[in-house]
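**Student:** pasted the sequence and its predicted model underneath.
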Amino acid sequence: MLIVFKHSKTCPVSMAAKERLSAVDYLLPDIYELIVQESGELSQLIAQELELKHESPQVLVIHQGKLVYDQDHDKIRGDELVDFVKNLQRENK
């Protein structure tokens, strides 16, 4: 399982989403952060490979090579992500 958080260093919406994730990150596997100003090409490549619209901020969960979770902007909620990841881990034991 891979969790990716794409965000901007200068966007208030990104900062708020990062705070919501930071509050629960100890309950999750590693979250890989991708700062779009520094890695714009990689961010676009991820969107292209997963056939999804590029957003920032955006949280993606990739499991067994497939996108299984995608939330962006104000829909990013730490508690929801924790619940999703825990359910996915339970299903795959």
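**Tutor:** Now that the structure is in, tell me what you want to look at.
**Student:** which stretches of the protein form helices?
**Tutor:** Under the criterion DSSP state H, the chain carries helices at the ranges 12-22, 40-49, 78-91.
**Student:** out of the ones you listed, deepest packed?
**Tutor:** Across the helices of the chain, averaging neighbours per residue (mean count of other Cβ atoms under 10 Å) puts helix 12-22 on top, at a mean of 16. The way it works is simple: take the backbone N, C-alpha and C, and place the C-beta from them, glycine included.
**Student:** and that helix, what does it pack onto?
**Tutor:** strand 2-7, helix 78-91 (3 or more Cβ pairs under 8 Å, 6 or more residues apart in numbering; DSSP states H and E).
**Student:** swap in 10 Å and give it another go.
**Tutor:** In this structure, helix 12-22 packs against strand 2-7, strand 31-35, strand 58-63, strand 66-72, helix 78-91, with contacts taken as 3 or more Cβ pairs under 10 Å, 6 or more residues apart in numbering; DSSP states H and E.
**Student:** TSV for the ones you listed, including distance to residue 42 and mean pLDDT?
**Tutor:** As requested, these are exported to TSV (distance: least, Cβ to Cβ, whole Å; pLDDT from 0 to 100):
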stretch	distance to residue 42	mean pLDDT
strand 2-7	9	97
strand 31-35	6	96
strand 58-63	12	98
strand 66-72	16	97
helix 78-91	21	97
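**Student:** as TSV, those with distance to residue 41 would be great.
**Tutor:** Supplementary listing: those in TSV, determined by distance: least, Cβ to Cβ, whole Å:
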stretch	distance to residue 41
strand 2-7	12
strand 31-35	11
strand 58-63	16
strand 66-72	19
helix 78-91	26
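**Student:** residue 52: which of those is closest?
**Tutor:** strand 66-72 (6.0 Å; Cβ to Cβ).
**Student:** what angle separates the closest one from strand 58-63?
**Tutor:** Between the direction of strand 66-72 and that of strand 58-63, the angle (axes from the mean of the first three to the mean of the last three Cα atoms, to 10 degrees) works out to 160 degrees.
**Student:** which neighbours does strand 66-72 have in its sheet, and in what orientation?
**Tutor:** Take DSSP bridges as the rule and strand 66-72 pairs in its sheet with strand 58-63 (antiparallel).
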